[in-house]
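>>> Sequence below, structure please.
(one chain, ligands or ions: 2)
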Amino acid sequence: MANTDSVLVVGAGPAGLSAAATIASMGKKAVIVEKEDVLGGAPIISGYARLVPSGEWAKDAIGRMVSRVTGNKDVAIHTSTKVTRFEGEAGNFTATLSSGEKVDAGAVVLATGFTHFDSINKPEWGFGTYEDVLTTTQMEQMVATGQIRCPSDGRVPERVAILLCVGSRDRQIGREWCSKICCTVSTNLAMEIKEMSPTTDVFIYYMDIRTFGLYEDKFYWKSQEEFKTKFVKARIAEVTKSPDGRLLVKGEDTLVKRPIVIPMDMVVHAIGMDPNALNPEIAKVFGIGLEKHGFIDRAEQYTNTQGTTRRGIYVCGAATGPETIDDSMAQGQSAGARAVADLYQLLAASA
Ligand SMILES: Cc1cc2nc3c(=O)[nH]c(=O)nc-3n(C[C@H](O)[C@H](O)[C@H](O)COP(=O)(O)OP(=O)(O)OC[C@H]3O[C@@H](n4cnc5c(N)ncnc54)[C@H](O)[C@@H]3O)c2cc1C
Ligand code: SF4
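Ligands and ions are numbered 1, 2, ... in the order given. Here you go, the predicted structure:
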């Protein structure tokens, strides 16, 4: 028998939370299944500090999204849970959860997000070898403590280098895509470091700067003009250590076409967004396709924007490719609304 009352939402990051709130606001029940024991997705799991572009602390901004669903009688939540088996067709699906419980739903929204690039896969840039080489997420966690210190000995860094495009735009390691948000996140991080530690000089090593749309002025120019961040167009070859214990960033300044060897106290990798490492499993369980990079494939772009390759299953947010929080939430809303609209159509057809 058709079940047109409920929509299953897999993943409770910004996209999934937005989808669930939309579904409930349109008179249907949302059933969230989240594999972690907390709601909020990457910004909470990885402890982001202040979000771009709002400047609001992640725990506050995402906290509001979470309380929109936890306090809602039309949203059921299963944490530390995955879908292990999935059967049926649009209007009448049954999902078996890892708890053994079964959920009947007329439609599904996949909001399963992304996996942060693991900098270990770029060993020549020093991560995992030198304590003072960190990722942007680790640096954001440090910013949240209110102090900028070298992990190796606790000194205040005189010079910090942020290396852009780590695990993005890198064909050698099979990651051809741009992760979209890391230029903006890095320019913001440079300003946060300077604000907390005024004696620290921050350098950004880039191939191109992609602070898209309105972010050009708010982040790129502001970081340069007000916070004196130094931008160096370069190709970085390796990060090593000098005899005095400082880090050495080596490569080529691609504007003047000269080799560079620059001493730094800390190096930060602006890590990109990989497809969710679980996508092959998700594709198999839900019977959907993946696009060539491994993100979840979409249906026809202009008439079924949030559709997947299987009818009745929708996708939103960073599950589809690198996305910002704002766009992930907008897509969540769109996927939730589309799922509910299709359920109303099924209901009308069966009346
Ligand atoms: C270093 C860094 C900093 C960033 N900072 C910002 C910023 O300041 N502003 C901004 O706009 N964007 C930022 N982003 C991008 C932001 O992280 C994403 O836009 C956002 O997290 C995408 O939300 P999502 O809900 O689609 O995915 P996610 O946040 O990845 O959430 C997906 C959820 O699904 C769950 N899940 C995954 N697989 C399964 C499964 N099989 N079953 C059940 N649950 C599952 C996960 O546990 C997770 O809770 C940043 C990205 C990076 C890499
Ligand atoms: S947003 Fe910037 S840092 Fe991120 S991959 Fe694109 S160009 Fe590189």
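>>> Can you confirm whether the top strand by length along the chain lies near ligand 2?
Secondary structure assigned by DSSP state E gives strand 230-241 as the longest strand of the chain. No - Strand 230-241 lies apart from ligand 2 when judged by Cβ under 6 Å from any ligand atom; the minimum separation is 11.9 Å. Every C-beta, even on glycine, is put in place using the N, C-alpha and C of the backbone.
>>> ok and whichever helix or strand comes after that strand relative to strand 230-241, angle-wise?
Heading C-terminal from strand 230-241, the first helix or strand you meet, by DSSP states H and E, is strand 247-253. Angle, strand 247-253 to strand 230-241, by axes from the mean of the first three to the mean of the last three Cα atoms, to 10 degrees: 130 degrees.
>>> Off-centre distance for stretch 182-195?
17 Å (Cα atoms, centre = their mean, to the nearest Å).
>>> swap in stretch 222-234?
Distance of stretch 222-234 from the chain centroid (Cα atoms, centre = their mean) equals 25 Å.
>>> That one: which residues count as buried?
Across stretch 222-234, burial judged by 16 or more other Cβ atoms under 10 Å covers 222, 223, 224, 227, 229, 231, 232, 234.
>>> now the end-to-end length of that stretch.
Taking Cα to Cα, to the nearest Å, stretch 222-234 runs 21 Å from one end to the other.
>>> residues making contact with that stretch?
187-188, 190-191, 194-195, 201-207, 209, 251-255, 260 (Cβ atoms under 8 Å, 6 or more residues apart in numbering).
>>> From the residues you listed, which land in strands?
201, 202, 203, 204, 205, 206, 251, 252, 253, 260.
>>> Return the residues in contact with the closest residue to the second one other than its chain neighbours.
The shortest distance from residue 202 to any residue that is not its chain neighbour, by Cβ to Cβ, 6 or more residues apart in numbering, is 4.2 Å, and that residue is residue 190. Residue 190 sits next to 162, 202, 204, 223, 227, 229 when contact means Cβ under 8 Å, 6+ apart.
>>> Now with 6 Å, please.
Listed by Cβ atoms under 6 Å, 6 or more residues apart in numbering, the contact partners of residue 190 are 202, 223, 229.
>>> Could you check which helix or strand contains the second one?
The reference is to residue 223. Judged by DSSP H and E, residue 223 forms part of helix 222-225.
>>> Alpha carbons only: can I get stretch 77-91 in PDB?
Provided in PDB are the C-alpha atoms of stretch 77-91 (Å, rounded to 0.1, in the frame of the first residue of the first chain):
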ATOM      1  CA  ILE A  77      15.300  11.300  14.500                       C
ATOM      2  CA  HIS A  78      17.500   8.200  14.500                       C
ATOM      3  CA  THR A  79      21.100   8.900  15.300                       C
ATOM      4  CA  SER A  80      24.100   6.500  15.200                       C
ATOM      5  CA  THR A  81      22.000   4.700  12.500                       C
ATOM      6  CA  LYS A  82      22.400   3.800   8.900                       C
ATOM      7  CA  VAL A  83      20.000   2.300   6.300                       C
ATOM      8  CA  THR A  84      21.100  -1.200   5.500                       C
ATOM      9  CA  ARG A  85      18.400  -2.400   3.200                       C
ATOM     10  CA  PHE A  86      16.000  -0.500   0.900                       C
ATOM     11  CA  GLU A  87      13.100  -1.800  -1.200                       C
ATOM     12  CA  GLY A  88      10.100  -0.600  -3.000                       C
ATOM     13  CA  GLU A  89       9.200   2.200  -5.400                       C
ATOM     14  CA  ALA A  90       8.200   5.900  -5.400                       C
ATOM     15  CA  GLY A  91       5.300   6.300  -3.100                       C
END
